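*Asks:* below are the sequence and a predicted model for it; my questions follow.
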2 protein chains.
Amino acid sequence: MTPMPDQMPDPSSPEAGRIVVSVDAMGGDAGPGVVVAGMDLSARKNPDIGFILHGPEDQLKPLVARRRSLAGRVAFHDVTEVVTMEDKPSHVMRHGRGTSMWTAIESVRDGKAHGAVSCGNTGALMALSMLCLRRLPGISRPAIAIHWPSRNPQGANVMLDVGADVRADARDLLQYAMMGASYARNGMDLRRPRVGLLNVGTEEHKGRPELKEAHALIGQFADKANFDFVGFVEGSDIPGDVADVIVTDGFTGNVAIKTGEGTASMIGQALREAFRYSLLSRLASILAITSLRRLKKRIDPRRSNGGIFLGLNGTVVKSHGGSDATSVSAAIKLAFQLAQSGFAEKLAARVASTAELTQDADGRGVNSATKEKDDKGQA
Amino acid sequence: MTPMPDQMPDPSSPEAGRIVVSVDAMGGDAGPGVVVAGMDLSARKNPDIGFILHGPEDQLKPLVARRRSLAGRVAFHDVTEVVTMEDKPSHVMRHGRGTSMWTAIESVRDGKAHGAVSCGNTGALMALSMLCLRRLPGISRPAIAIHWPSRNPQGANVMLDVGADVRADARDLLQYAMMGASYARNGMDLRRPRVGLLNVGTEEHKGRPELKEAHALIGQFADKANFDFVGFVEGSDIPGDVADVIVTDGFTGNVAIKTGEGTASMIGQALREAFRYSLLSRLASILAITSLRRLKKRIDPRRSNGGIFLGLNGTVVKSHGGSDATSVSAAIKLAFQLAQSGFAEKLAARVASTAELTQDADGRGVNSATKEKDDKGQA
């Protein structure tokens, strides 16, 4: 980190009394200007937040200097190397140290920041996060969890994994259930979250064999881990109200959320076209503008932006690659809230007790049982 | 089939000059009344359609008698046994003969009808269809294809498989590509459809190993099979305009379409609530009613209802279990159009030439190559 100028309090010092979010300025498609604009939005709403900003200082300083709300609240970490959207995770694993993405995560590992935010390449961010922060003991596959707008009273469901790993066996799915429930308990104030396992039908005989195995495992540990298991759920339940937490592998989860986003965006476009169709419909759209804005706010993916990486020693939030200032600010808010609630520590404790639970129950560690088994897809 | 009364022309006779659709009256959640109402809607719009109706004749006759449009256009096949939504496919395979679902398919096999429609249990309908009609030579896994509203000029994309089988290896995905392209060519008048393979990213290194293998295979045969291969596509492209045909396994496809449906339905509900919110917004909704109806029509899943089973010796259309009259009528229309265009014969010819193509290329049959291989999920 560059030395702080004297007149500027160190935002990562406990004296500042602020929660410090470490931000990778270089990840997003739109460049660092949008990232700084997102920080500005957050800083204006939240006096308790400070930043460490990672990227080329000569480029970032002028951007930050233009935002009054950021004065005295940003420490710079001068890095010129960046991870691009095209870099393969395998390349990044070998050459990623010294990029702005790496140092953003490193600040969390070194205790200088309470959480990291990046709009960069998801695969690279997960690879570097695993390398730098390491997995929680007992976790074999970390997961990415997101909020998805839903019919539930809390307005959103938690879904995981949405893309950390294209594979997941029954034990991984059990861990996702535990981590997702813990996240819903802390991030959504749900005392006893309802967990559903995503499948092609709700009948117990349906789906792939690892799902039937996971169904049995999750049902067995639900009570001890303080959540309700509602069994199999379908794609239509992701925005529904039968479960608060939707558990699936990262391949299925990623396709599902992108299908949902694509559908929502297509309907949004069709709606705009419908209102432009005639003079009467244009008038109607003016009359209904408040209602339509309320609707947009409710289903706007930018406002629930932020995939949280679960299963690591530290908090990393992935913001959408195409993030604008609103989305970046939403991701920063999520990192802030998780830090404030002490979620990382609570999750670590939960995972530790879960490892014991599963060990107690069958005399094996969480990871030893089915890891070597092929996850053959069967009818 | 019960003997026809003298005064009624046999709708399945060539003299009638009609395309005959064989309808399972007993499949849907709402009972046979809705099925007959759907037939009525179709008959009123289409003078060239006739029906064979399968189910308890004493129950069905009065329902049909009330619809003037159906007079002289329905032959009854009296069957009392039905397949329920709860029946497992394995049970139906053993005990399904003699149900209304079975006889509806049988009419197609026996050349009495040009296509069958059922709102029943998907797994059972596919199992009985495979048993009764048999797979086309060279096809190892039949698929279910649907239309999905999209940004493309034709207003919809073809997606398959959406639930015939939870597994699919690279060769199956190649066959889905060929069958989907053939369907798009005939059902959508696209001379050279663009085919995309669903994955978690568009980069070639992403996804599961069977997808990378399928990517190579499909690319190799695209030109010979007269379609364009656009490579990997993502969930957001299902309603998009980069491909006309989306190829995936039945597990992922099923989750994706149900997520899309659930999202569309949640937005619809939020939209209705937004318009009910205030006096002004209520007024707006009245002014915009024509535009909103147009929007609804465009994205209404009932109007693109009907999953077509591909890869069998005959046409079977699965209508949604919760179908209303509009949806049943849409499924009947689809069966009619496919029969009229001679699609079943064209597909059979295409599959036969495809089997030759792939055989020529690598000296192996379409089904011999990767069938025994485990489809392990890997990053």
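*Replies:* Now that the structure is in, tell me what you want to look at. The structure displayed is predicted, hence computed values, not measured ones. Numbering: from 1, shown residues only, chains lettered A, B, ... in the order given.

*Asks:* what is the burial count for the closest residue to residue A:155 other than its chain neighbours?
*Replies:* Spatial nearest neighbour of residue A:155, chain neighbours left out: residue A:149 (6.7 Å); criterion: C-beta to C-beta, 6 or more residues apart in numbering or on different chains. Every residue, glycine included, has its C-beta placed from N, CA and C. The number of residues packed near residue A:149 is 22, by other C-beta atoms under 10 Å in any protein chain shown.

*Asks:* pLDDT score assigned to residue A:149?
*Replies:* Predicted confidence (pLDDT) at residue A:149: the value is 87.

*Asks:* repeat that for residue A:1.
*Replies:* pLDDT, residue A:1: 41.

*Asks:* repeat that for residue A:19.
*Replies:* At residue A:19, the model reports a pLDDT of 94.

*Asks:* would you agree the residue nearest to residue A:155 is in contact with residue A:305?
*Replies:* No - the criterion here is C-beta atoms under 8 Å, and residue A:149 misses it with residue A:305 at 11.8 Å.

*Asks:* what touches both of these two?
*Replies:* With C-beta atoms under 8 Å, 6 or more residues apart in numbering or on different chains applied, the contact sets of residue A:149 and residue A:305 do not overlap.

*Asks:* and the residue of the stretch 1-150 of chain A that's closest to chain B?
*Replies:* For the stretch 1-150 of chain A, the residue closest to chain B is residue A:88, as judged by C-beta to the nearest C-beta, at 5.8 Å.

*Asks:* burial check on the closest residue to that residue other than its chain neighbours, number of neighbours?
*Replies:* Nearest non-adjacent residue to residue A:88, counting by C-beta to C-beta, 6+ apart: residue B:205, 5.8 Å away. Neighbour count for residue B:205, taken as other C-beta under 10 Å: 11.

*Asks:* with residue A:279 instead?
*Replies:* The burial count for residue A:279: 8, using other C-beta under 10 Å.

*Asks:* list the contacts for the residue in the stretch 251-379 of chain A that chain B sits nearest to?
*Replies:* As assessed by C-beta to the nearest C-beta, chain B sits closest to residue A:258 within the stretch 251-379 of chain A, at 2.9 Å. Residues in contact with residue A:258 (C-beta under 8 Å, 6+ apart) are B:234, B:235, B:236.

*Asks:* and if you look at residue A:164?
*Replies:* Contacts for residue A:164 were tallied using C-beta under 8 Å, 6+ apart; they are A:126, A:141, A:142, A:143, A:144, A:250, A:309.

*Asks:* make CSV out of the residues you listed and add pLDDT, secondary structure and neighbour count.
*Replies:* CSV is the format used below for the contacts of residue A:164 (pLDDT from 0 to 100; DSSP: H, G, I helix; E, B strand; the rest coil; neighbours: other C-beta atoms under 10 Å in any protein chain shown):
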residue, pLDDT, secondary structure, neighbour count
A:126, 93, helix, 24
A:141, 92, coil, 22
A:142, 95, coil, 24
A:143, 96, strand, 32
A:144, 95, strand, 26
A:250, 94, helix, 25
A:309, 95, strand, 24
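
*Asks:* output those as JSON lines; include the columns distance to residue A:94.
*Replies:* JSON lines is the format used below for those (distance: C-beta to C-beta, whole Å):
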{"residue": "A:126", "distance to residue A:94": "15"}
{"residue": "A:141", "distance to residue A:94": "21"}
{"residue": "A:142", "distance to residue A:94": "20"}
{"residue": "A:143", "distance to residue A:94": "24"}
{"residue": "A:144", "distance to residue A:94": "23"}
{"residue": "A:250", "distance to residue A:94": "23"}
{"residue": "A:309", "distance to residue A:94": "21"}
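
*Asks:* for the stretch 101-250 of chain A, what lies in contact range of chain B?
*Replies:* By C-beta under 8 Å from any C-beta of the partner chain, the residues of the stretch 101-250 of chain A that approach chain B are A:123, A:149-151, A:163, A:165-168, A:198, A:200, A:203, A:205-208, A:234-240, A:248-250.

*Asks:* thanks a lot, see you next time.
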